[in-house]
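Sequence first, predicted coordinates after that:
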Amino acid sequence: MRRILHLDLDAFFAAVEQRDKPSLRGKPVVVGGSGPRGVVATASYEARKFGVRSAMSGTEAKRRASHAAFLGGRFGAYRESSQVVMGLLREVSPLVEPLSLDEAFVDLEPSGWADGELAERVEWLRGELERRTEGLTASVGVGSVKFLAKLASEAAKPNGYRILRPEEELEFIAPMPVRAIPGVGPATEQRLVGIGLYTVEDLRGADRRELVRELGHAAGEGLAELAWGRDPRRVEPRRDPKSISTEDTFAVDLTDRAQLEQILRRDSADVARRLAKAGFFARTVTIKVRFGDFTTRTIARSLGGATADGDEIAAEGIALLTEVDVRAGVRLLGIGVSNFVTAAQEKLFDDPGPGWSSVQERTVSTEEPAAVDDVPLSGVRGTGGYFPGADVEHDEHGRGWVWGSGLGRVTVRFESRHSGPGRIATFAVDDPALHPADPEPLSPRR
């Protein structure tokens, strides 16, 4: 009998913000959702009481919780805490499969944890995680297979744990709705309900031939197996990314091609940094363009070699953008890379390919485009130096974070992780004593 552990950090992005900003502890916090087209990345449990949920539009989130703090994402802070958590899990077992920054599976077989001591060990793990991350909490589930462990951790939320004994697993999932099974989305759920299958227990009594007829062979057979708690998937310690990308959703549709090219250059540099950190070189570049009416064009092109150079990625992205008529207004622009290898490859031919020369020789507009950092965004990640929630430092007053900004001013709350709630002051945006700062690092492990 395998024992798989699933760990999920509670309201991760929002919890990091509350940890680092004492004045927000116990209050509704939303990461993302800024601007008219913003999307919520994570909401604190205090915000969830008002009905705010991940993937909700920022407009709806603000309607439900207008008094919440809406902050831009600080991915450096999230990444550091995630690395601490994943490192702790690898001390338990080398078989750790991260699913995202805040979620992972662990195969406990190499850990030496006996079934009789699982509760004690899981309590230790959660306590050690809270200590090393200086206040974050996690929900943990343990089951014999992956999807049962994940359902157990969901049942333990927030800040709890659930260890399923082998003999109780089938009973545990029987009353759950069919949508609880991984891979069952709204469309599949509707099909299943349409033939009278509402719960996992209903699925067990269904005719497999009917499931296959409704969902196809692979999905029908797979669903039938999961209903009986059979999940053959192993914990995969190394999960290489299939693609690396970044995208921006704009507060207003953009029609200035030169401005869009600047954004591609900036985002290509970000993609290149992440690509280099992962140790890969990319052979394919893709751009994604969404218009105001939500129609979307995705265009990809092989590089003919492999690269991790931001300038090369940007040049190819700009070449792809020449194939798109942007006059209708661009709502979202993204660039990504894929088809990875572990070594750089020179292009086989000197010919740069279709579209390259036209980009290099294009006539530049005589109108100066707006600076990239001035483009109003509606995404999750914070941009610019003074987005809400950003870390700052003042030469006289010390460390703080941006409470709000606009009209040439920046309002800062001066506090840090261990200071307690701090005072608020407002400065001119060009005050030479005020500077963007890196997130406060976690204390070295004691």
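Everything's here; your move. Residues are numbered from 1 along each chain as shown.

Quick check on residue 329: phi, psi?
Main-chain dihedrals, residue 329, degrees, to the nearest 10: phi 100, psi 120.

OK, contacts around it?
253-255, 291-292 (CB atoms under 8 Å, 6 or more residues apart in numbering). Using the backbone N, CA and C atoms, a C-beta is placed for each residue, glycine as well.

Residue 233: which of those is nearest?
residue 291 (38.5 Å; CB to CB).

For the closest one, which residues count as its bridge partners?
residue 330 (DSSP bridges).

For it, grab the count of nearby residues.
17 (other CB atoms under 10 Å).

and it, what does it touch?
253, 328-331.

Looking at the residues you listed, point me to the pair that's furthest apart.
Going by CB to CB, the pair spanning those furthest: 328 and 331, at 9.6 Å.

sorry, back to before: format the contacts of residue 291 as JSON lines; extra columns: pLDDT and distance to residue 115.
Below are these laid out as JSON lines (pLDDT from 0 to 100; distance: CB to CB, whole Å):
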{"residue": "253", "pLDDT": "91", "distance to residue 115": "58"}
{"residue": "328", "pLDDT": "93", "distance to residue 115": "61"}
{"residue": "329", "pLDDT": "94", "distance to residue 115": "60"}
{"residue": "330", "pLDDT": "95", "distance to residue 115": "56"}
{"residue": "331", "pLDDT": "92", "distance to residue 115": "53"}
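
Of these, which is the most crowded?
residue 330 (24 neighbours).

any idea how far that one is from residue 53?
Separation of residue 330 from residue 53 (CB to CB, to the nearest Å): 28 Å.

Then residue 65?
On the measure of CB to CB, residue 65 and residue 53 end up 11 Å apart.

So for the two, which sits in the more crowded spot?
A count of neighbours by other CB under 10 Å puts residue 65 above the other of residue 65 and residue 53, at 23 against 13.

Assign a three-state SS to residue 50, would you?
Here residue 50 is recorded as coil under DSSP: H, G, I helix; E, B strand; the rest coil.

and what of residue 247?
strand.

Look up which residues are beta-bridged to it.
For residue 247, the beta-bridge partners are residue 334 (DSSP bridges).

neighbours around it, how many?
When neighbours are counted by other CB under 10 Å, residue 247 comes out with 17.

picking that back up, pull up the overlap in contacts between residue 328 and residue 331.
Listed contacts common to residue 328 and residue 331 are 253, 291-292; contacts here mean CB under 8 Å, 6+ apart.

Just name the closest of these to residue 434, please.
Using CB to CB, those come closest to residue 434 at residue 253, 32.5 Å.

List the residues that contact that closest one.
Residue 253 sits in contact with 291-292, 328-331, where contact means CB under 8 Å, 6+ apart.

Can you tell me the SS state at it?
Using three-state DSSP, the structure places residue 253 in strand.

Report the separation between the nearest residue to it once chain neighbours are set aside and residue 89.
Closest residue in space to residue 253, ignoring its immediate chain neighbours: residue 329 at 2.9 Å, by CB to CB, 6 or more residues apart in numbering. Residue 329 sits at a distance of 45 Å from residue 89 (criterion: CB to CB).

Please apply the same query to residue 80.
Distance from residue 80 to residue 89, by CB to CB: 15 Å.

Residue 24 now?
28 Å.

Who has more neighbours out of those two?
Per other CB under 10 Å, whichever of residue 24 and residue 89 has more neighbours is residue 24, with 23 against 20.

Verify the contact between the more buried one and residue 18 for me.
Yes: Residue 24 is in contact with residue 18 according to CB atoms under 8 Å; the separation is 5.0 Å.

Confirm that residue 224 lies within a helix, as I assumed.
Yes: according to three-state DSSP, residue 224 belongs to a helix.

Run through the stretch 301-446 of the chain and note the low-pLDDT ranges.
343-385, 445-446 (pLDDT under 70).
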